[in-house]
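Visitor: fold the following and give me the result.
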Amino acid sequence: MKKQWIKQLAKSIFCFLLFYYSYLLQYIPVFLFHIKKITGTTGVLLSSFSNIILVIILFILYRKELIAEFKLFQNNREKDLDIGIKCWFVGLVIMMVSNLLINFFFHAGQANNEQQVQSMIHSLPWLMFLNAGIIGPFIEEIVFRKCFKNAIPNPWLFIISSGLVFGAMHVVTSGVGLPQLLYIIPYGALGAAFATAYQKTDTIYTSISMHMLHNIILILMSILT
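Guide: Numbers count the residues shown, from 1 in each chain. Model (predicted):
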């Protein structure tokens, strides 16, 4: 049992590091096609390339578990989605309220991560719909939910750590100032909600579905307004 946990822990750490340094994959087309200048459009294309490669690697690493959990999700789809929607709604409310409080008391403005995403959406909206609406949630749920759940047996510790690291990664990778650090709270609340959905249903596809729904709504609102 301990040997199996150590194996899962090592695998989870590897996947997390792979995710963290996945931007390095973007240098492959940069060198192959001698790209000199990276514009907004080029940035979206490079991000999509690295995400597709990352999806393939993650699927290979977790193929058996992903197939088994998909079958479980198919057999309990209505129940799992009902649980997922309730968890997402609670996380969304906490996210919105904390965003309002951060802006009211600290005048932090829009989160840097959100600004970067909005800029990329305006460069190539429908490719970003695929990248951030479909591919991104799949990657993040594998990394921040499945990897964490496999490595942390305690349910509450899994939910809290998954949410905090998820929130921190959305803030730290987008530039950090003291007010911006507070955005760990709203992002973390949403991450914890997705983790709770996974914990309650035992299938990653519940949290993947909710994450996709959340991102797709935001992307469509950005594209259509």
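Visitor: work out which residue lies at the spatial centre of this structure.
Guide: Glu140 (3.2 Å; Cα atoms, centre = their mean).
Visitor: where does the prediction get shaky in the chain?
Guide: Applying pLDDT under 70 to the chain picks out residues 1, 108, 173-177.
Visitor: and the helices in the chain?
Guide: Counting by DSSP state H, one finds helices in the chain at the ranges 2-20, 27-32, 40-61, 63-75, 77-106, 112-123, 125-130, 136-141, 147-151, 155-172, 178-181, 184-201, 204-224.
Visitor: most packed of the ones you listed?
Guide: Of the helices of the chain, the one with the most neighbours on average (mean count of other Cβ atoms under 10 Å) is helix 184-201, at a mean of 25. Using the backbone N, CA and C atoms, a C-beta is placed for each residue, glycine as well.
Visitor: what is it packed up against?
Guide: Contacts defined by 3 or more Cβ pairs under 8 Å, 6 or more residues apart in numbering; DSSP states H and E place helix 184-201 against helix 77-106, helix 147-151, helix 155-172, helix 204-224.
Visitor: and the angle from the longest one to helix 184-201?
Guide: Right, helix 77-106. 170 degrees (axes from the mean of the first three to the mean of the last three Cα atoms, to 10 degrees).
Visitor: closest one to Phe70 among the helices and strands packed on helix 184-201?
Guide: Phe70 lies closest, by Cβ to Cβ, to one member of the helices and strands packed on helix 184-201: helix 204-224, at 5.9 Å.
Visitor: quick revisit: close enough to count as contact, the residue nearest to the centre of the chain and Phe166?
Guide: Yes - here Glu140 reaches Phe166: they are 7.2 Å apart, a contact under Cβ atoms under 8 Å.
Visitor: which residues touch Asn99?
Guide: Tyr183, Pro186 (Cβ atoms under 8 Å, 6 or more residues apart in numbering).
Visitor: same question for the one 5 residues further on.
Guide: Taking Cβ under 8 Å, 6+ apart, we find Phe104 in contact with no residue.
Visitor: cool, the one 5 residues further on as well?
Guide: If a contact means Cβ under 8 Å, 6+ apart, then Gly109 has Asn103, Pro179 as its contacts.
Visitor: residues contacting the nearest residue to Leu182 once chain neighbours are set aside?
Guide: Spatial nearest neighbour of Leu182, excluding adjacent residues (Cβ to Cβ, 6 or more residues apart in numbering): Ile102 at 4.8 Å. Contacts for Ile102 (Cβ under 8 Å, 6+ apart) come out as Ala108, Pro179, Leu182, Tyr183, Ile185, Pro186.
Visitor: of these, just say which sits nearest to Glu78.
Guide: When those are compared against Glu78 (criterion: Cβ to Cβ), the nearest one is Pro186, at 29.0 Å.
Visitor: got the contact list for the closest one?
Guide: Pro186 sits next to Ile94, Met95, Met96, Ser98, Asn99, Ile102, Ala111, Gly167 when contact means Cβ under 8 Å, 6+ apart.
Visitor: now do 10 Å
Guide: Applying Cβ atoms under 10 Å, 6 or more residues apart in numbering, we find Pro186 in contact with 91-92, 94-102, 111, 167, 170-171.
Visitor: before I go, just wanted to say thanks for your time.
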